[in-house]
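*Asks:* Quick one: sequence and predicted model below, then my questions.
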Amino acid sequence: MAIKLGIPSALMYYTYHPFWMVFFDDIGVQVVTSGRTTKNILDKGVREALADACVPVKLFFGHVMEIKDKVDYLFIPRIVCLDGKTVYCPKFLGLPDMIRHSVDNVPPIIDVRIDTRQSRLSVIKACLEVGMHFGASRNRVVRAYCKARMAMRHYRQMLRKDMHPADAIENIKLPVNRKLPQQPKSNLKFAVLGYPYAIYDSFISVNLLGKLKAMGINVITADHLNPFLLTIQRNCGLPKRLFWNFSDIALKAAHYLFNHKKVDAVLHLTAFGCGPDSMLNKLIELEAKKHRDVPFMTLMIDEQTGEAGMATRLEAFVDMVRRRKEASACQN
């Protein structure tokens, strides 16, 4: 019987899950995920996590509670840095310890550390460490690592073509050559910026992407942009680049979209209680003030966010942008 390894469907799930899914499958370890977020999962996380934690971290606790009794191990890596420059939130680094000491009856946690600032081979070294833990040979681990990298390349290509991460992950699991979704026919294009684990979780984001598309809006996120376009933004007018990885990406995406007038409006989805996000929101807001012709709105989420309130704000904002664009067209 294959070893069952649990991976919570939160935080880094929407960014790097395809890599680990393919890697573990190739070394003979069965991956079990906690599925899509539900109110029950969020409620479990709110009860278990620290009161001052942001909603994505609370949600992670809920996903751990959902699968801890169904697996032999939990995989919660300490991902410090993957690009050799920026780091992830300290709470990401502390997740294994928080789960281990806060949640009762958790299975053994695989908490391998990955920091490419210390070594460019940090990822493959982590793979070798994990693979040996499960008895896989060195050659098998290297082969699995190569397959996982190819899967990630394919996954990112699907994201740039507007496939939702959850659908892209399923497409990698069971390649069925499904057709990519068609953007609605509309003369409006909105950018939704923020952290992937908030934007793509349809429960805590109150289905923001789905609501916009239902209103006939073309939606793009930072994942739809060519990474090279973000690289050339350099430090976005700051003395140095932002310290946090997801914040750095979102800020560069905002600068590119504002300066090149690629969208009709920009939305920033931010989580209440997130320190880096509060700073990021202010920096995007300051840039938005330099581009008055591109409307900007901040949407804040927490465990109490209601669907009705979000829908009302979105409808009013979309109507304002649509009227503004029609008025501008008439003047020209």
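*Replies:* Received it, and whenever you're ready, just let me know what you need. Small disclaimer: the values here were computed from a predicted structure and weren't measured.
*Asks:* now this structure, which segments are flagged as low pLDDT?
*Replies:* Low-confidence segments of the chain, defined by pLDDT under 70, span residues 1, 174-186, 305-306, 329, 331-332.
*Asks:* who's in contact with Leu82?
*Replies:* Applying C-beta atoms under 8 Å, 6 or more residues apart in numbering, we find Leu82 in contact with Ile114, Thr116, Val123, Asn245. Any C-beta I mention is one placed from the backbone N, CA and C, and that applies to glycine too.
*Asks:* can you do 7 Å?
*Replies:* Residues near Leu82 by C-beta atoms under 7 Å, 6 or more residues apart in numbering: Ile114, Thr116.
*Asks:* Val106 now?
*Replies:* Lys68, Leu74, Ile99, Arg100.
*Asks:* Let's see that with 10 Å instead.
*Replies:* Contacts for Val106 (C-beta atoms under 10 Å, 6 or more residues apart in numbering) come out as Gly6, Val64, Met65, Lys68, Asp69, Val71, Tyr73, Leu74, Ile76, Pro96, Ile99, Arg100.
*Asks:* In the stretch 1-150 of the chain, what residue spans correspond to strands?
*Replies:* For the stretch 1-150 of the chain, the strands defined by DSSP state E, counting those that start in this stretch occupy 4-7, 30-33, 73-75, 78-81, 109-110, 113-115.
*Asks:* The third one pairs with which strands?
*Replies:* Counting by DSSP bridges, the strands paired with strand 73-75 are strand 4-7 (parallel), strand 109-110 (parallel).
*Asks:* any idea how far the one residue sitting closest to the centre of the chain lies from Glu48?
*Replies:* Centroid-nearest residue in the chain, with C-alpha atoms, centre = their mean: Pro196, separated by 2.1 Å. Relative to Glu48, Pro196 is positioned 23 Å away (C-beta to C-beta, to the nearest Å).
*Asks:* which outside residues touch the longest helix seen in the chain?
*Replies:* Secondary structure assigned by DSSP state H gives helix 307-331 as the longest helix of the chain. Applying C-beta under 10 Å, 6+ apart, the contact partners of helix 307-331 are 186-188, 190, 205-208, 211-212, 214-217, 263-265, 267, 293-297, 299, 301, 306.
*Asks:* Tell me which of those fall in helices.
*Replies:* Leu208, Lys211, Leu212, Ala214.
*Asks:* which of the residues you listed tops the neighbour count?
*Replies:* Neighbour counts for the ones in helices among the contacts of helix 307-331 (other C-beta atoms under 10 Å) peak at Leu208, which has 24 neighbours.
*Asks:* I'd like the distance between that residue and His17.
*Replies:* Relative to His17, Leu208 is positioned 21 Å away (C-beta to C-beta).
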